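Enquirer: Sequence and computational prediction follow.
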Amino acid sequence: MSAESSNNQNPLVKLLDSSLRLSVIPLSIATIWLTVTNKEHNSIYGDVNFTNLTGLKYMVFTSAICAGYASFAAVASCIRCFVTKAWLFFVSDQIVAYLMVTSGAAVMEILDLAYNGDQKITWSEACKSYGKFCSKMKVALVLHALVLCCFIVLAAISAYRVFSSFDPPSSSKEVEDEDEQRT
């Protein structure tokens with residue numbers, strides 16, 4: 001069975017794939033918008049915005065890649081020459097999912113430090129002074145996590161498409177039986 005025929009036999013999988021790819025685009029754009037427009041002024045400590053934190057810049061960059069790739073993949077999934085390239089989607093979905101994990105982890109670490117500080121090195125809790133900034137970062141992280149969940153499902157779908165075209169591996173018992181029949 002080829003990847004294309006596997007795709008055609010499962011209209012629900014194709015619908016789920018297309019829906020998830022299209023959902024990722026506005027979620028990623030919303031993550032970018034929330035992060036880029038997030039700034040707050042404190043008369044004692046000064047201004048904070050996303051450019052002050054490398055992890056947030058990385059999340060914006062990753063979200064932009066994600067939105068761009070999802071747009072390309074949504075269009076490409078309708079073009080016959082790309083539909084037959086299941087490996088292309090499989091590898092790309094895996095890469096984007098891993099990028100989403102790493103950028104989400106970076107922002108979670110920033111939020112942890114912002115809310116809890118680090119008493120050992122005398123960092124105080126920044127969210128006491130920048131509450132609005134921290135709240136928007138949490139919302140952006142939740143949106144980012146939703147995109148990650150979509151890409152985990154997309155990676156599973158693309159893996160299914162690639163590997164369903166192969167026969168399952170033989171068990172060692174079947175191999176032994178075949179060897180005995182040959183001799």
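Expert: Received it, and whenever you're ready, just let me know what you need.
Enquirer: how far away is the spatially closest residue to residue 108 that is not a sequence neighbour from residue 63?
Expert: What sits nearest to residue 108 in space, not counting adjacent residues and going by C-beta to C-beta, 6 or more residues apart in numbering, is residue 141, at 6.7 Å. Just so you know, the C-beta spots here come from the backbone N, C-alpha and C atoms, and that holds for glycine as well. For residue 141, the distance to residue 63 (C-beta to C-beta, to the nearest Å) stands at 11 Å.
Enquirer: Mind listing what's buried along the helix or strand where the residue nearest to residue 108 lies?
Expert: Using DSSP states H and E, residue 141 sits in helix 131-163. The neighbour-count check on helix 131-163 (16 or more other C-beta atoms under 10 Å) flags 133-134, 136-138, 140-141, 143-148, 150-151, 154-155, 157-158, 160-162 as buried.
Enquirer: how close does residue 151 get to residue 62?
Expert: Residue 151 is 11 Å from residue 62, by C-beta to C-beta.
Enquirer: Identify the contacts common to these two.
Expert: residue 100 (C-beta atoms under 8 Å, 6 or more residues apart in numbering).
Enquirer: hmm, back to that, give me the mean pLDDT for the helix holding residue 141.
Expert: The average of the pLDDT scores along helix 131-163 is 92.
Enquirer: hang on, residue 56 packs against residue 48?
Expert: No. Here residue 56 lies out of contact with residue 48, judged by C-beta atoms under 8 Å, at a distance of 10.2 Å.
Enquirer: Residue 38: neighbouring residues, count only.
Expert: Residues within reach of residue 38, counting by other C-beta atoms under 10 Å, total 20.
Enquirer: who's in contact with it?
Expert: 49, 50, 56, 133, 136, 137, 140 are the contacts of residue 38 under C-beta under 8 Å, 6+ apart.
Enquirer: show me where this structure has strands.
Expert: 39-42, 46-49 (DSSP state E).
Enquirer: Could you dump those into CSV and include mean pLDDT and distance to residue 25?
Expert: Converted to CSV, the strands of the chain look like this (pLDDT from 0 to 100; distance: least, C-beta to C-beta, whole Å):
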stretch, mean pLDDT, distance to residue 25
strand 39-42, 87, 25
strand 46-49, 87, 25
